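Novice: fold the stuff below for me.
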Amino acid sequence: MPTIAITIGKSHYQRMFTQAAWESLDAFAEVIHHPGLDPATKTELITLLPPADAIITSWDVAQIDADVLAAAPNLQAMAHMGSSVKRFVSEALWARDVQVTSAGLALAVDVAETTLGLMIVGMKQAWPLAQHVREGGWRESRWWPARELFGKEIGIIGASNVGRHVIKLLQNFAVNVLVYDPFISVEQAADIGAEKVELEALLRRADVVSLHAPAKPDTIKMLNQKRLALMKDNALLINTARGTLIDEPALIDELSKGRFYAILDVTEPEPPALDSPLRRLENVVVMPHIAGCIEDCGRMGELAVEELRRYFAGERPIYPIHDHMFSRIA
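Specialist: Sure thing, here's the model as predicted:
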């Protein structure tokens with residue numbers, strides 16, 4: 001049986017692994033555990049990995065660099081639980097030809113479901129109206145009337161795993177989905193249920209603009225002053241991707257005009273400065289980066305285990321990661 005090292009720290013076991021995941025793992029592998037409560041440091045990985053054939057990683061585990069690999073002569077596969085593997089892999093890992101997989105597909109489901117919920121309550125102006133009622137009011141508010149998704153144009157920026165799942169969920173609603181992504185064709189967009197458009201056209205047309213692009217040099221501040229000014233009055237802007245995608249001073253300036261409403265699960269910096277207008281403006285809700293799984297990430301644990309089961313059974317992985325993909329992913 002292969003030996004699989006779990007490096008995520010025992011304090012995260014209940015959150016990350018279901019009973020089904022443990023049972024599956026025990027059925028095909030010997031398991032060794034990083035003994036600490038917190039994710040393994042580089043020194044701890046070097047101590048743990050000499051007998052390991054595969055490794056399960058997640059947030060805050062040290063990078064699998066050349067030193068770690070030198071201490072892990074048998075390492076063949078890595079299953080990562082998180083949204084991106086970039087910080088955790090290294091050139092030495094690719095040189096060893098270690099198979100890397102990501103459970104980001106499972107995390108994408110959580111983020112997409114949260115995004116859909118934010119679209120619904122955001123269009124209903126649930127937060128400002130609830131605050132208005134708390135202060136003694138009712139429907140006599142500038143946030144009235146509340147609106148619905150029915151008949152609206154929903155703009156998805158980035159046909160990422162999350163973006164694609166949001167589009168899938170929106171097929172249950174009577175909406176027109178627009179997508180901006182330079183890496184997909186008109187035909188590919190249609191296949192997933194969306195109309196491919198350029199970014200500026202999306203911003204002009206969409207009643208809801210939802211960000212799902214990766215954080216890369218060419219996406220930093222992609223929503224700048226000029227592009228934010230294109231958004232429709234009374235539109236809803238949602239960011240559950242990365243704070244760097246939006247020029248924050250430009251967003252604050254545009255929100256200060258009261259033209260549209262924003263829900264931000266991510267900001268740059270994170271958290272916002274204590275004196276940031278994002279903490280005070282009435283037409284923005286800032287959440288503490290909770291769109292992904294928080295209490296229960298068991299879907300990711302199950303997928304990570306399944307990827308390793310497939311690897312040692314000689315089966316195709318579900319979501320392999322290769323170094324050439326890094327120009328397109330976060």
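Novice: please count neighbours and contacts with C-alpha atoms only from this point.
Specialist: Will do.
Novice: which residues does residue 309 contact?
Specialist: Residues near residue 309 by C-alpha atoms under 8 Å, 6 or more residues apart in numbering: 25, 28.
Novice: hmm, I was thinking of residue 61
Specialist: Taking C-alpha under 8 Å, 6+ apart as the criterion, residue 61 is in contact with 7, 8, 39, 40, 41, 88.
Novice: could you single out the nearest of these to residue 210?
Specialist: If you rank the contacts of residue 61 by distance to residue 210 using C-alpha to C-alpha, residue 88 comes first, at 27.6 Å.
Novice: what strand or helix carries the spatially closest residue to that closest one that is not a sequence neighbour?
Specialist: In space, and not counting its chain neighbours, residue 88 is closest to residue 63: 4.2 Å by C-alpha to C-alpha, 6 or more residues apart in numbering. For residue 63, there is no host helix or strand (DSSP states H and E).
Novice: dihedrals phi and psi, residue 63?
Specialist: For residue 63, the backbone dihedrals are phi -60, psi 140 (criterion: degrees, to the nearest 10).
Novice: do you know the pLDDT at it?
Specialist: According to the prediction, residue 63 has pLDDT 96.
Novice: what about it, how many residues close to it?
Specialist: Look at residue 63: counted by other C-alpha atoms under 10 Å, it has 21 neighbours.
Novice: and the gap between it and residue 290?
Specialist: Noted for residue 63: a distance of 24 Å to residue 290, by C-alpha to C-alpha, to the nearest Å.
Novice: which one is residue 30 nearest to, not counting chain neighbours?
Specialist: residue 3 (4.7 Å).
Novice: surely that neighbour touches residue 53?
Specialist: Yes: counting by C-alpha atoms under 8 Å, residue 3 does reach residue 53; the two are 5.2 Å apart.
Novice: more neighbours: the two, which one.
Specialist: The residue with more neighbours, out of residue 3 and residue 53, is residue 53; 21 against 18, by other C-alpha under 10 Å.
Novice: for that one, which non-adjacent residue is closest in space?
Specialist: residue 75 (4.3 Å).
Novice: tell me the phi and psi of the one you found?
Specialist: The phi/psi pair for residue 75 (degrees, to the nearest 10) is phi -70, psi 120.
Novice: likewise for residue 127?
Specialist: Phi and psi for residue 127, reported as degrees, to the nearest 10, are phi -70, psi -50.
Novice: who touches it in this structure?
Specialist: Contacts of residue 127 by C-alpha under 8 Å, 6+ apart are 121, 285.
Novice: distance of it from residue 121?
Specialist: Distance from residue 127 to residue 121, by C-alpha to C-alpha: 8 Å.
Novice: and residue 211, by the same measure?
Specialist: 17 Å.
Novice: look up how far residue 173 lies from the residue nearest to residue 53.
Specialist: 46 Å.
Novice: higher neighbour count, those two?
Specialist: Per other C-alpha under 10 Å, whichever of residue 75 and residue 173 has more neighbours is residue 75, with 24 against 12.
Novice: dump the residue contacts of the more buried one.
Specialist: By C-alpha under 8 Å, 6+ apart, residue 75 lies in contact with 49, 52, 53, 54, 55, 69, 98.
Novice: count of neighbours near the first one?
Specialist: As a burial measure, residue 49 scores 27 neighbours (other C-alpha under 10 Å).
Novice: I'd say it and residue 7 touch.
Specialist: No: using C-alpha under 8 Å, residue 49 is not in contact with residue 7, being 9.4 Å away.
Novice: more crowded one of residue 211 and residue 121?
Specialist: Neighbours per residue (other C-alpha under 10 Å) separate residue 211 from residue 121, with residue 211 holding more: 27 against 15.
Novice: what pairs with the more buried one across the strands?
Specialist: Judged by DSSP bridges, the bridge partners of residue 211 are residue 157, residue 239.
Novice: any idea how far it lies from residue 203?
Specialist: In this view, residue 211 and residue 203 are 11 Å apart by C-alpha to C-alpha.
Novice: now do the strands in the chain.
Specialist: 3-6, 30-33, 54-58, 77-81, 99-102, 153-157, 176-180, 195-196, 208-211, 236-239, 261-264, 284-286, 320-321 (DSSP state E).
Novice: check contacts around the residue lying closest to residue 174 once chain neighbours are set aside.
Specialist: Spatial nearest neighbour of residue 174, excluding adjacent residues (C-alpha to C-alpha, 6+ apart): residue 150 at 5.3 Å. Neighbour list for residue 150: 173, 174, 175 [criterion: C-alpha under 8 Å, 6+ apart].
Novice: nice, that's everything, thank you.
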